[in-house]
Structures are given as structure tokens and as C-alpha cells.
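Colleague: With the input below, show me the fold.
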Amino acid sequence: MWLHLGLCHCRIGDLGAVRLADALPKRLFHLHLDLDNSCISSHGLKALARCLPSTLAWFYLDISRSTRMSPDGVQALAAGLPQRLDYLHLDFAGINIGADTIRCLAAAIPTRLRVLTLGLHRSGAGIVGARHIAAALPSTLTDACLDFSACGISEEGAEAIADALFRMQGGRLRVLRLGFRGCAVGAVGAKALVQALPECLEHLRINFVGCGVPDDLRTGFLAQRLGALQADGADVAVRYDS
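Modeller: Numbering: from 1, shown residues only. Coordinates of the predicted model:
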């Protein structure tokens, strides 16, 4: 059974989230919940987490801009994630959950996941949070989207992500989207990331705006490495400061 609910800006609040949780079918394989800006706090998210069906293989949840959310709600969600998931999309944009909560989230990422999207814009991930996510990325991924924009991961966090990508060389990853806007990954982080890109990529998007990537690196090593991927047939687009 599939269930797709678009409740963006509907302001259902915690009462609506609790009632929604109680109404979820026990055998559900596909669940899409768009709760962006829905005025949900940790109380509502905990109710949803408790009622997630163990049968889920596909789970999409957007709770971005939930300004009343606290880290314990996201931790409860992490504890309730079914381990048989094949597809996982979680968007926490604008919620300052911090590195400790991201550690719990990373530990809950299913080990056989194929598609992963994590929206962590302004989540307070920092270097430590980036390292937790990097260490938890499954080798089974075919499609990954990681948005660390305005998270302060700097070059050390970028290098951690690069190490994870290097481990995926020769693996299944075909689609990769990375957001580092405003993260100041610098020359070291940008070079490490691009150098570690798997040769098998078919689609690549990277946002280096506000990252302090110097012009000589952009027009030199990065252009050469990305050009090689394009020559092999990959669809590549990378954004820098204009």
C-alpha cells in the first residue's frame, strides 16, 4: 500500500500529527509525508515515529522549517526508522538539531539503503556531524543527495565526505548531489571531494558557492577532473561564486 500526503504549510500542529500517526495503516510499503512548515514540535514527531510501519521500504519526510522542533524529536525518529528501507528522504532544513542528534540519525541509516537524501541546511551539523554521516553512508547506495549548506562543516567535514566517496570507488553510486553553500570548505576540501568522486558517476551536482574555492583550482585541477567525468558521459554541473 502507498500513501502520499502533501501537507506543506497546512499547520496541522502536534494534534494533527498525532491523529495522522494513529491513522497510519499497519502494512504500508511507501509513505510520503510533506510536513514542511506544519507547526509540528517534538511531541508530534515522536507520535509519528512510534507508528511508522515496520513494512516500509520507501519513506519520504519533510519537516523543514519546523521551528518548534527540538533534537529529542529527531532522535525518536531515528530510533523508529525501519531497517528494511530501500529509499529514505529526510529534510530537516532550518532545524538546529546539532551534531549529537545527527550521530543518532547516522547510526539509524539502514545498511542496505539504495537511495538517500538528507537535507541538513542550517542543522548545526558542523565537522563532527559531517563525520558521523560520512561514516554511516552504505556501500549499497546508487543515489545520494547530501545538503550541508550553512552547516559549518569546513574543510575537515568535506574531507570526511571525500573519504566516504573514496570508499565507494568501484561501487554502485551513479547519482550524487552535494550542497556545501556557505561551508568554507576551501581549496583543501574542494580538491579532496572532487578527487574522490567515483568514476562510475552518471549524474553529478555540487554547490561550492560561498566555499572559498580559489580560481586557479577551479580552472586547473577541478576543471580537469570534472571534464574527465563528462568525457566519460556523466552529466556534471558544479556551482562556484560568480
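Colleague: residue at max distance from the center of the chain?
Modeller: Going by Cα atoms, centre = their mean, the residue of the chain most distant from its centre is Asp216, 29.8 Å out.
Colleague: just checking, what packs against the helix or strand where that one lies?
Modeller: Here Asp216 sits within helix 215-217, counting by DSSP states H and E. Contacts defined by 3 or more Cβ pairs under 8 Å, 6 or more residues apart in numbering; DSSP states H and E place helix 215-217 against helix 186-195. Every residue, glycine included, has its C-beta placed from N, CA and C.
Colleague: gap between the helix it packs on and the chain center?
Modeller: Centroid separation between helix 186-195 and its chain, computed with Cα atoms, centre = their mean, to the nearest Å, is 19 Å.
Colleague: Can I get the following helix or strand past that helix in PDB? Just the C-alpha atoms.
Modeller: Following helix 186-195 in sequence order, the next helix or strand is strand 203-207 (DSSP H and E). Output of strand 203-207 as PDB, limited to C-alpha atoms (Å, rounded to 0.1, in the frame of the first residue of the first chain):
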ATOM      1  CA  HIS A 203      24.900  12.500 -12.700                       C
ATOM      2  CA  LEU A 204      26.700  15.000 -10.500                       C
ATOM      3  CA  ARG A 205      25.700  18.200  -8.900                       C
ATOM      4  CA  ILE A 206      27.900  20.100  -6.400                       C
ATOM      5  CA  ASN A 207      27.300  23.600  -4.900                       C
END
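Colleague: who's in contact with strand 203-207?
Modeller: Applying Cβ atoms under 8 Å, 6 or more residues apart in numbering, the contact partners of strand 203-207 are 149, 174-181, 193-194, 197, 226, 229, 234-239.
Colleague: Can I have the buried ones of those residues as a ChimeraX selection?
Modeller: The buried residues among the contacts of strand 203-207 can be selected in ChimeraX (16 or more other Cβ atoms under 10 Å) with this line:
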select :149,174,175,176,177,178,179,180,181,193,194,197,226,229,234,236,238
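Colleague: show me what contacts the closest residue to Arg181 other than its chain neighbours?
Modeller: Once flanking residues are discounted, Arg181 sits nearest to Ser149: 4.0 Å by Cβ to Cβ, 6 or more residues apart in numbering. Contact partners of Ser149, counting by Cβ under 8 Å, 6+ apart, are 120-122, 179-183, 207.
Colleague: As TSV, these with distance to Leu201 would be great.
Modeller: Output for those, formatted as TSV (distance: Cβ to Cβ, whole Å):
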residue	distance to Leu201
Leu120	22
His121	23
Arg122	27
Gly179	16
Phe180	17
Arg181	21
Gly182	24
Cys183	21
Asn207	16
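Colleague: what's the farthest-apart pair in those residues?
Modeller: Farthest apart among these by Cβ to Cβ are Arg122 and Asn207. That separation is 14.3 Å.
Colleague: who are the neighbours of the longest helix along the chain, in terms of helices and strands?
Modeller: When the chain is parsed with DSSP state H, its longest helix is helix 154-167. Helix 154-167 sits against helix 126-136, helix 186-195, with contacts defined as 3+ Cβ pairs under 8 Å, 6+ apart.
Colleague: hmm, who's touching that helix?
Modeller: Helix 154-167 is contacted from outside by 125-127, 129-131, 133-135, 137, 139, 146, 148, 151, 153, 173, 176, 178, 180, 183-186, 188-190, 192-193, 195-198, using Cβ under 8 Å, 6+ apart.
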